[in-house]
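[1] missing the sequence, but the structure's below:
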């Protein structure tokens, strides 16, 4: 039972479900449904899919997440960055609007679902740690810029496309002369209106006497008013006949049952994009879920979240959708509207199913420019170039990682951007680790404290060198240590003892062990003994299982003080003072 | 002048060169020359090159290393593993024995030279740190096995080939029936004799009254006697006519001036192999150089070594050779024979040049089986499967890295083997780092010491949780810390203060800063304050440049003791005792 409810969190909250939770969840569901209709259509447009796919991608996935997910408030469905990545991945396979494109979207969702499930079952959630904060921040900012620019053509009413900033700008300028003035008016007004809703509507509502939560919720539903108004305008003035692109015919149906076509070639082509989409989606989703859970002192389980998102994506694959993940804005609305359990998600799914069945004829005249405006306003809040300044001040390595991720994503697209970002982060980290801080220390007179000889007034003995390494010893810095010590001793013929103070060494891997062996042997050839001091318990346990301690020319001292007492207690001791 | 002699170490030792050094260097050169003749021919065979290329690859490179290298005893030329990697790289481009093959070898050497020079000038030697000891150990062992098996066909006198163990064994069994009995006799006797020379000759020579150094040197020159004996046998009994493969016509000439053909396609194909060859060669060479330098308390400069090896490889490229590096056995012989400066290398080069001019007709009848025997005996000493056992006992992660490197190298060849080894090492390291040791600590009664509550009898306060993280905080473990702390606090409603004891934290990167931010904000939502204690100086400097300290809900305490005094000094303090 424990195991079953571990994998089916619904059994846990479901047993305690009561009428109070039901009414709260129902209210939240109504509000989220209203908000999700335009958002789902817009992200379908962004992913290059037909509009109904956006609704379908929000129905089965939400239901499945309600069964398997651990977050009480997370709302799953199409989100901006994942939709962009979907469009980039599918653009390499087929042209938008073709059968092949929609079929590939199903495979992409299925692969993403399988990858997430495998990661969840094998507890591979730690792989997401490879996406450092600079990479995510840079990637989201660059993606948001690409998304916003990609939507400009719908605002202008022109053709074209592309997956990188360069391609997009090129196609934009090439087609600029074909701008449709009426579309432009609709698009610009919708964008301006939505910006105003975001910034200016809430104060107005508050002045009208509405409570802060209700005002915030109505504000979030703002896009619906833009949708209604522009659809009515297109219908009333017959703007479609004057060149305003509209959504057009949308089938009036529940999500279809779709079977992803299992083609080895396609799977091979889509595997890497699916992996990137899965990891990015997981990282985005988990941070939203953590934020909302903390507000109620609830817990989420990252590995089970992988299973929940995996099930959601498989749901999308079998019901005519495309890759999905937990979205920020919809989850916050769900939370603020008072959702208490994942049942709120299930009710939202029902609301969207009703919309897919009943309301699709009403959006026939919805202009694409309105959807583009919705997207632009939503993603521009993701652009955070200030992170570059903050990183510059805090750490140059992090700055390089962010700048490179942004530049590569903008210039070469999302897949290369995020992969290079990961590679650069890892390389910079290993580079930093490869040159650990090594301090030569001496004793502060009359004490048992040992400090850096360059910073403090300390006593040393010319025959004894003590080096403190402020990092674990492993392959990336083992050879540096070797070079450092041998160089130090070769320069100074008086040295007879080298003590390695290991108080900051949490681990010694086999490469470092090999280097210590080499240092010991080479110091031996220089008639110098090697000693260790202050080795931590677990490190010592491991050293005792190796041949190293048997070959060590010197001793292992419990404390640095004991080492110095032992090695300098002889009549010819001759101490020198160093001053910073 | 300082800068010039930094890049031209010859100016340093050359100024102090005297008659004593000259005579020592000359003696060493004669011994090394005798040893190098069969070795150079053998490694040319292994690399798939004509025999004279082995001599050429030992002449100009040695001269150039003498000018640019910092090691007094390193002898540069073709070595086993690099020759195998050369054959693997060129095998993808052209068939052995063709013009294209030899031309590609020149480009490979030139690329390798340029890569090493660039690494040297830009101080990129740290890149070699990515080759962890397990990867090198596994790679050398697997390469040695592949090399030994690849030479069996010369011992048997059959055709075939291949670059992986599977290919080699397959071709061996397929051609086994064509075994030439006379070749087999020559090959097996040569192999047995060389094994005996290695193990049994030295004791015999010692019994005959020779000094230990002389006995060791003669032992190293053993292969020459095998070469002479089998060549005479083939010539005397006309064994070539009976199917014994011989070296055949070798041009009698100094190294030719060759210009590597600059074809972008070829360069593209050979760039990655050249990079791997450069890094592997550098690592092998530097460890030999370090070992020998330590024996005389001399210093080598790794970055200048890169320049020396780079120049040597460019020398090989322009004089009909193939990629070279510092070899272990020849350098040891050079050192033991008393070489005092790199001039010994220059004299060796002259000796080999004379050999190329005068002695090549004498090796016409040298059987390839003898060269194969030389290679087999040399490389089998590199096979070290015991490293697997040592790694198993010492660390499972290192064991996995070694076993995977060996398996992938044997099954898929040298290039994939070494690249996968590097990738696996880095992944395992990041995985280990992603789950740092986090101890919950309490105060040992009556002291200022704080220890793990699970190991020691300590006092704690239910409202205060202190966590000590035993690792620097960076992207790979930032999210783990976040999950760990939020989970700990969500489980325990009594907690009002979380103290992060940072005594083992050497760095906090931007991802970790972001996580600390998130932890602070989410703890705030749980009405819990976050504090830091014992933050190191450099870490604090950096935190002060960020917005974090301004938003921190709690305080930063100099010591953990001060933190506990401040946070628990209230009338309702209620301490609990934990016992391990």
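    Good, I have the coordinates. Everything quoted here is computed from the prediction, not taken from an experiment.
[2] need the contact list for the nearest residue to residue A:156 once chain neighbours are set aside.
    Spatially, and ignoring its direct neighbours in sequence, residue A:156 is nearest to residue A:179 (4.6 Å; C-beta to C-beta, 6 or more residues apart in numbering or on different chains). C-beta coordinates here come from the backbone N, C-alpha and C atoms, glycine included. Residues near residue A:179 by C-beta atoms under 8 Å, 6 or more residues apart in numbering or on different chains: A:156, A:157, A:158.
[3] go on, residue A:400?
    Contact analysis of residue A:400 by C-beta under 8 Å, 6+ apart lists A:424, A:428.
[4] and for residue A:36, the neighbour number?
    28 (other C-beta atoms under 10 Å in any protein chain shown).
[5] with residue A:496 instead?
    17.
[6] quick check: phi and psi at the closest residue to it other than its chain neighbours.
    Nearest residue to residue A:496, sequence neighbours excluded (C-beta to C-beta, 6+ apart): residue A:463, at 4.4 Å. Main-chain torsions, residue A:463, degrees, to the nearest 10: phi -90, psi -10.
[7] hmm, residue A:472 is touching residue A:511, no?
    No. Residue A:472 lies out of contact with residue A:511 (C-beta atoms under 8 Å); the separation is 11.6 Å.
[8] hmm, the longest helix seen in chain A touching chain B?
    In chain A, taking DSSP state H as the definition, the longest helix is helix A:264-295. Yes. Shown here: helix A:264-295 in contact with chain B (C-beta under 8 Å from any C-beta of the partner chain) through A:287, A:290, A:291, A:293, A:294, A:295.
[9] out of the residues you listed, flag the one nearest to residue B:306.
    residue A:287 (43.3 Å; C-beta to C-beta).
[10] enumerate every residue touching the closest one.
    With contact set as C-beta under 8 Å, 6+ apart, residue A:287 has these partners: residue B:518.
[11] quick one, grab the pLDDT at it.
    pLDDT for residue A:287: 83.
[12] what do you get for the one 3 residues further on?
    Per-residue confidence for residue A:290 comes out at a pLDDT of 81.
[13] show me where the stretch 51-200 of chain A has strands.
    Taking DSSP state E, counting those that start in this stretch as the test, the strands found in the stretch 51-200 of chain A are A:75-77.
[14] how about the residues of it by chain B?
    Looking at chain B, the residues of the stretch 51-200 of chain A close enough under C-beta under 8 Å from any C-beta are A:126, A:128, A:129, A:130, A:131, A:132, A:133, A:134.
[15] my guess is the second one meets residue A:285, correct?
    Translated: residue A:128. No. In this structure, residue A:128 is not within contact of residue A:285 by C-beta under 8 Å, at 10.2 Å.
[16] who's more crowded, those two?
    Neighbours around residue A:128 and residue A:285, counted as other C-beta under 10 Å, are more numerous at residue A:285. The numbers are 30 against 20.
[17] give the contact list for the closest residue to that one other than its chain neighbours.
    Leaving out its chain neighbours, the residue that sits closest to residue A:285 by C-beta to C-beta, 6+ apart is residue A:326, at 3.2 Å. Each residue near residue A:326 by C-beta under 8 Å, 6+ apart is listed here: A:65, A:71, A:74-76, A:79, A:281, A:284-286, A:288-289, A:309.
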